[in-house]
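Asks: dropping the sequence and predicted coords here.
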Amino acid sequence: MTRTRVLYVDLAPTPAGSIASLKYLVRDLDRSRFQPVVLLSEGNPAVEDFRALGAEVWTIPSQQGRSVSFGYKVDAIRQGRIGTWVRAHPRIATVWHTLGALGRWRRKLWPEAQRIRHVIQATRPHILHLNAELVVNRPAVMAAYLAHVPTVCHVRGWETWDIWDRWISRAIDAYICISHAVARRLREQKAIDVPVYVIYNGLDVADVPTEPRPGLYQTLGLVEGRPTIGMFGRMVPWKGHHIFVEALALVAREVPEVQGIVVGGLEITAPTYLDELKALARSLGILDRLHFLGHRDDVLDLYALVDVLVHASVRDEPFGRVIIEGMAAARPVVATRGGGTPEIVQEGVTGFLVPQRDPQAMAEAIIRLLMDPDLARRMGRAAREDVARRFDARTTAQQIMDVYEYLLR
C-alpha cells in the first residue's frame, strides 16, 4: 500500500508554538498511512528534532518575518509628509498599498515561492500542509497554486487579506483553525468556500512534569520556596511582557518574597524589547527579583517552577499554547481575556481571566492565588485534567488525519 506523503511547511525564523504543535503531529501520525516530510527555514534548530522523529527534512533560506526595504528614498517618502498625506486618504492609500504588495511579491515572495516549488517537485507530496496562516505563508500558497497539490492551511493567527491574498487563496482546499475565535475571524474574509475545521492544539500531559527537577531552582539562580510567578512565550510586545512586569511590581507590595521568571527568546522583529523590559523592571525596583531565562529547550520542565502561570497578551490571543502547557503542569493560570483564551481557561475552575492591559487586575488575581495555596492546588489539578481531556495530542492528530482523508477523496 502506498503511503500518503505530506509535506509540512513552516518557515518561521525561530522555534515557536507552531513548531511544538507540529512535532506532536509528526510523532502521532499513523505511519502505515502517512509519510511526513518537513520543510523548515535554514538554521532552525528544530531540524534535528524532526529527523529524530523519523521525518524527512528539507531546509531553504527564508525571509519570513523580515520586512522588505524598497530603498532609502522610498522609505523616506513612506515616513515623511507624503506618506502621512497618503495614509489620510483611504482610496489613495489602497493604491499605494497595492503597489507596495506588488513590490514585495517581486523582491521577496516570488523568489521564495520558487524555492518552495523546487522542494515540492523534488518530494512529490500528495498533500501540502502549511503550518501557519495564509498571510505568513504567501510564497508557499503560490507554490501550491503552481504545483496543483491539495493544500490545507493551518491557521494559527489572525487573518486580514488583501486583494492578492483573495486571489491566491484559491489554492487552499481546507483550513484548520486552532480556535473558534480564529475560525470566526477567518470567515470574515468573505472568500471562504472550502471546509473550515476547528482543531485545538494538542499536548501529551505525560511530557510535562508537575514537580521541578532537583537542583533546578539553584541552577537558574532562583530561591527555592519563594512564591514564583512566570510568563512563557515569544518576546514580542503584543505578548504583554511589560504588563507582567508592572503586575509583578504590584504583587511584590503584598507578597514581598515573590520572584518572577520570563522564559522565551527575542524575536527578530523586536530586537530591543528585552532591554526595554529590564529598564522598566529597574525603574520599578524589581529587577533583582525578575529572571529572564531566554529560549530554553527544556521549557516543559520549567512550568513546574512557578506557582502561577501568567499570560499577559495585550491583543486577542489566537490560542495560547503556553497556557495548556502550564495547565498540564498542574498550575493555575491568570490570563488576559480575548480571542481563543476563554476557550481554554475556565473562569474560576482552572484559572482567572482578566482584562487586557490591566496590571492591577492581573496582580489582584495573582495575589489571590498566592495567598490561598489550597485554591491554587485545586485549580492546578483541574487544569491538568482538563488538558488531558480536551487537548490530547493524539486526538488532535486523528482529527487532522481525518482532514487529510477528506482532501484525498
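Replies: Ah, there it is. Numbering: from 1, shown residues only.
Asks: please export the C-alpha coordinates of stretch 325-338 as PDB.
Replies: These are the backbone C-alpha positions of stretch 325-338, laid out as PDB (Å, rounded to 0.1, in the frame of the first residue of the first chain):
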ATOM      1  CA  GLU A 325       1.500  23.600  28.800                       C
ATOM      2  CA  GLY A 326       1.300  25.400  32.100                       C
ATOM      3  CA  MET A 327      -2.100  23.800  32.800                       C
ATOM      4  CA  ALA A 328      -0.600  20.400  32.100                       C
ATOM      5  CA  ALA A 329       2.000  21.100  34.800                       C
ATOM      6  CA  ALA A 330      -1.000  21.500  37.200                       C
ATOM      7  CA  ARG A 331      -0.600  25.200  37.500                       C
ATOM      8  CA  PRO A 332      -3.400  27.700  37.800                       C
ATOM      9  CA  VAL A 333      -3.500  30.400  35.100                       C
ATOM     10  CA  VAL A 334      -4.000  34.100  35.100                       C
ATOM     11  CA  ALA A 335      -4.600  35.200  31.500                       C
ATOM     12  CA  THR A 336      -6.000  38.100  29.700                       C
ATOM     13  CA  ARG A 337      -9.500  37.700  28.200                       C
ATOM     14  CA  GLY A 338      -9.800  37.800  24.400                       C
END
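Asks: looking only at pLDDT, what's the mean for it?
Replies: Taken as a whole, stretch 325-338 carries a mean pLDDT of 98.
Asks: could you do stretch 270-285 as well?
Replies: In the prediction, stretch 270-285 has an average pLDDT of 96.
Asks: list the buried ones in that stretch?
Replies: 270, 273-274, 277, 280-281 (16 or more other C-beta atoms under 10 Å). All C-beta spots, glycine's among them, are computed from the backbone N, C-alpha and C.
Asks: ok, those vs residue 201, which is closest?
Replies: Nearest to residue 201 out of the buried residues of stretch 270-285 is residue 270 (C-beta to C-beta; 23.4 Å).
Asks: please, which helix or strand holds the closest one?
Replies: Following DSSP states H and E, there is no helix or strand that holds residue 270.
Asks: which SSE is immediately downstream of the strand or helix carrying residue 176?
Replies: Following DSSP H and E, one finds residue 176 within strand 174-177. Scanning forward in sequence from strand 174-177 by DSSP H and E, the next helix or strand is helix 180-187.
Asks: for that following helix, which positions count as buried?
Replies: Buried-residue list, helix 180-187, by 16+ other C-beta under 10 Å: 181-183, 185-186.
Asks: stretch 296-315 now?
Replies: Buried, per 16+ other C-beta under 10 Å, within stretch 296-315: 299-314.
Asks: closest to residue 326 out of the residues you listed?
Replies: Using C-beta to C-beta, the buried residues of stretch 296-315 come closest to residue 326 at residue 309, 3.4 Å.
Asks: count of neighbours near the closest residue to that closest one other than its chain neighbours?
Replies: Among residues not flanking residue 309 along the chain, residue 326 sits closest, at 3.4 Å (C-beta to C-beta, 6 or more residues apart in numbering). Neighbour count for residue 326, taken as other C-beta atoms under 10 Å: 32.
Asks: check which element follows the helix or strand encompassing residue 326 along the chain.
Replies: When elements are assigned from DSSP H and E, residue 326 belongs to helix 321-328. Per DSSP H and E, helix 321-328 leads on to strand 333-336 as the next helix or strand towards the C-terminus.
Asks: list the buried residues in the helix or strand following that following strand.
Replies: Next helix or strand after strand 333-336 toward the C-terminus (DSSP H and E): helix 341-344. The neighbour-count check on helix 341-344 (16+ other C-beta under 10 Å) flags 341-344 as buried.
Asks: with pLDDT and distance to residue 264 added, can I get those residues in JSON lines?
Replies: Shown next, in JSON lines, are the buried residues of helix 341-344 (pLDDT from 0 to 100; distance: C-beta to C-beta, whole Å):
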{"residue": "341", "pLDDT": "97", "distance to residue 264": "17"}
{"residue": "342", "pLDDT": "97", "distance to residue 264": "23"}
{"residue": "343", "pLDDT": "98", "distance to residue 264": "22"}
{"residue": "344", "pLDDT": "98", "distance to residue 264": "19"}
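Asks: and which of the residues you listed is nearest residue 243?
Replies: Closest to residue 243 out of the buried residues of helix 341-344 is residue 341 (14.2 Å), distances taken as C-beta to C-beta.
Asks: tell me the spacing between that closest one and residue 182.
Replies: Residue 341 is 12 Å from residue 182, where distance means C-beta to C-beta, to the nearest Å.
Asks: got it, and residue 303?
Replies: 24 Å.
Asks: how near is residue 123 to residue 295?
Replies: 29 Å.
Asks: just residue 337 next, same as before
Replies: In terms of C-beta to C-beta, residue 337 sits 28 Å off from residue 295.
Asks: more neighbours: these two, which one.
Replies: residue 337 (18 against 14).
Asks: list the contacts of the closest residue to residue 127 other than its chain neighbours.
Replies: In space, and not counting its chain neighbours, residue 127 is closest to residue 6: 4.8 Å by C-beta to C-beta, 6+ apart. By C-beta atoms under 8 Å, 6 or more residues apart in numbering, the contact list for residue 6 reads 29, 34-37, 125-129, 404.
Asks: who wins on neighbours among those?
Replies: Of all those, the highest neighbour tally under other C-beta under 10 Å goes to residue 128, namely 29 neighbours.
Asks: residue 315 should be in a strand, yeah?
Replies: No: under DSSP: H, G, I helix; E, B strand; the rest coil, residue 315 sits outside any strand and is assigned coil.
Asks: identify the farthest-apart pair in the contacts of residue 6.
Replies: Most distant of those, by C-beta to C-beta, are 29 and 128, 15.2 Å apart.
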